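Asks: Just the structure for this:
(4 chains)
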Protein chains: 2
Amino acid sequence: MRSYGQYCSLARALDLVGDRWTLLIVRELGVRGPSRYTDLRHGLPGIATNMLADRLREMEENGIVARVEAPPPIATTLFELTRRGQELMPVLFALGRWGAPLMGEQGEDEFRSHWLKYPLERLFADAAPDEPPVTLELRTGDEPIVVTTVDGEVRAHPGTAEHPDAVISGDPDVVIGVLRGSVDLRTAKRQGVRIDGDADALARVRPKAG
Amino acid sequence: MRSYGQYCSLARALDLVGDRWTLLIVRELGVRGPSRYTDLRHGLPGIATNMLADRLREMEENGIVARVEAPPPIATTLFELTRRGQELMPVLFALGRWGAPLMGEQGEDEFRSHWLKYPLERLFADAAPDEPPVTLELRTGDEPIVVTTVDGEVRAHPGTAEHPDAVISGDPDVVIGVLRGSVDLRTAKRQGVRIDGDADALARVRPKAG
DNA sequence: CAGCATCCGCTTTGATACTG
DNA sequence: CAGTATCAAAGCGGATGCTG
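Replies: Residues are numbered from 1 along each chain as shown, chains lettered A, B, ... in the order given. Now for the predicted structure:
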């Protein structure tokens, strides 16, 4: 990208990360950790392969991303955030929080379930932190997600749970609506959401105030 | 801009504010308050006039900016941030803080002194909050800035002070370097910085920890 | 002068095909 | 798997012209 040519820290930041796709690549590396090129492509639906290659090269030059050669048995190139890249997380959180009210209907948009990790962990909390912890499994999008309560907070990771307290499956927007409390259970079920197990466990994961 | 087509709050936020120039327009409206088209152009050196008109229209459609007809004697159109637009401030602050380490030399970059308002107020504090407050005047860039200490914090506004404790003038990068403590007074003076008044008052404005 | 709209050349982006 | 090559389309920057 062309530099803005302004002696201003915001403008200089945007000179480095204001390009199309750049912050979404940071999101992928932040959520997934060190990743292969192909996995990045999967997490960035819509990106052209040359775009991804170009951006990764620029971000490497700018000290945001590092390329590491994984030793056997992986034997492939991994991309990871540098320290400077990780320092972009507060920017992503601020932007993501600002965008939360825009998450109405999914419409035609693509969805990857690992995108839920940071929103769940930062925007949600355990409604009953003194009760024994609970484990939920979300089945929406391309892979299941395990959600657990820990010390009043919420943790989320891709994978399946051995003995979840509840399993919720359905379309992403409705599942998110149920967790946010903007869609009641009756409406959700009419829209194809299914809940197996203890519905009270589900109510433990609630949006934080503010 | 083309939508990313991703059901993710970060991607949806970038659909609205990820375009080139958009966040810098938010900066201008945030720092200056309701502004005329011409004043926005002055604060956004390098923008093409059709770009500014296009962006303002898009931002209005997206509920970030509102157009108000100022009554006489101003009798002109003013652009201002909506509430939703003001809610972007945490995003600007996060990006600006991330960009702070990039503020080395000014080089060929343009500079407008009102850009200093938020960095001064958010990244600096009063080093001796129990002492009587002080007033500084910065003469760098296109217009002077008055910096005052209030309740341990720092306030900055365009204008001149009646009886400033100190006046510091010189090139923006060196003046900023002195305030940040990354350039000592001897070096600064060799680079053309001049300090009139009480140099101790100047030392009251210090970068916050973190 | 304030507030745009138009035109034009250049750069960036996107879709697809192809390669070690 | 991890890219490169190619080409069309869209976006951007600069100059200029128009309207109250």
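
Asks: the longest helix in chain A is where?
Replies: Counting residues, the longest helix found in chain A (DSSP state H) is helix A:49-61.

Asks: which residues touch that helix?
Replies: Applying Cβ atoms under 8 Å, 6 or more residues apart in numbering or on different chains, the contact partners of helix A:49-61 are A:19-22, A:25, A:37, A:40-41, A:44, A:65-67, A:79, A:85. Every C-beta, even on glycine, is put in place using the N, C-alpha and C of the backbone.

Asks: Please narrow these to those residing in helices.
Replies: A:T22, A:I25, A:Y37, A:L40, A:R41, A:G85.

Asks: about what we covered before: can you mark which positions in the longest helix of chain A are buried?
Replies: Across helix A:49-61, burial judged by 16 or more other Cβ atoms under 10 Å in any protein chain shown covers A:L52, A:R55, A:L56, A:E58, A:M59.

Asks: From chain B, how far off is the residue most central in space within chain A?
Replies: For chain A, the residue sitting closest to the mean C-alpha position, by Cα atoms, centre = their mean, is A:W115 at 2.5 Å. With the distance defined as Cβ to the nearest Cβ, to the nearest Å, A:W115 ends up 5 Å from chain B.

Asks: okay, stretch A:55-62 in PDB with CA atoms only?
Replies: Output of stretch A:55-62 as PDB, limited to C-alpha atoms (Å, rounded to 0.1, in the frame of the first residue of the first chain):
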ATOM      1  CA  ARG A  55       0.600 -10.100   2.300                       C
ATOM      2  CA  LEU A  56       2.600 -12.800   4.200                       C
ATOM      3  CA  ARG A  57       5.700 -11.500   2.500                       C
ATOM      4  CA  GLU A  58       4.900  -7.900   3.300                       C
ATOM      5  CA  MET A  59       4.100  -8.700   6.900                       C
ATOM      6  CA  GLU A  60       7.300 -10.600   7.200                       C
ATOM      7  CA  GLU A  61       9.200  -7.600   5.900                       C
ATOM      8  CA  ASN A  62       7.400  -5.400   8.400                       C
END
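
Asks: right, is it up against DNA strand C?
Replies: No - Stretch A:55-62 is not in contact with DNA strand C by Cβ under 7 Å from any atom of the strand; minimum separation 7.9 Å.

Asks: that older thread, avg pLDDT for the longest helix of chain A?
Replies: What helix A:49-61 shows for mean pLDDT is 96.

Asks: how about that helix against DNA strand D, any contact?
Replies: Yes - for helix A:49-61 and DNA strand D, the contact criterion (Cβ under 7 Å from any atom of the strand) is met by A:T49, A:N50, A:A53, A:L56.

Asks: Around the nearest residue to A:G46 once chain neighbours are set aside, count how many other residues there are.
Replies: Leaving aside its sequence neighbours, A:G46 sits nearest to B:G5 (Cβ to Cβ, 6 or more residues apart in numbering or on different chains; 5.3 Å). Neighbour count of B:G5, defined by other Cβ atoms under 10 Å in any protein chain shown: 14.

Asks: Pretty sure B:G5 sits against A:L24.
Replies: No - if you go by Cβ atoms under 8 Å, B:G5 and A:L24 don't touch, sitting 11.4 Å apart.

Asks: which residues are in contact with both of the two?
Replies: B:A11.

Asks: just to revisit the earlier point, go through the ones in helices among the contacts of helix A:49-61 and name the one nearest A:W98.
Replies: Ranked by distance to A:W98 (Cβ to Cβ), those are led by A:T22 at 17.5 Å.

Asks: quick one, what contacts that closest one?
Replies: For A:T22, the contacting residues are A:L16, A:R55, A:E58, A:M59, by Cβ under 8 Å, 6+ apart.

Asks: and the gap between it and A:M103?
Replies: 22 Å (Cβ to Cβ, to the nearest Å).

Asks: so how far is the helix or strand of chain A with the lowest mean pLDDT off the chain centroid?
Replies: For chain A, using mean pLDDT, DSSP states H and E, the weakest element among its helices and strands is helix A:199-202, scoring a mean of 92. On the basis of Cα atoms, centre = their mean, to the nearest Å, helix A:199-202 sits 23 Å off its chain's mean C-alpha point.

Asks: got it, and stretch A:140-158?
Replies: Worked out by Cα atoms, centre = their mean, stretch A:140-158 lies 11 Å from the chain centre.

Asks: touching DNA strand D at all, that stretch?
Replies: No - in terms of Cβ under 7 Å from any atom of the strand, no part of stretch A:140-158 sits within range of DNA strand D; the closest distance is 14.9 Å.

Asks: how long is that stretch from one end to the other?
Replies: Terminal residues of stretch A:140-158 lie 11 Å apart, using Cα to Cα, to the nearest Å.

Asks: what's in contact with stretch A:167-177?
Replies: By Cβ under 8 Å, 6+ apart, stretch A:167-177 touches A:103-106, A:111, A:113, A:116, A:136-141, A:178, A:183, A:188, A:191-197, A:202, B:7.
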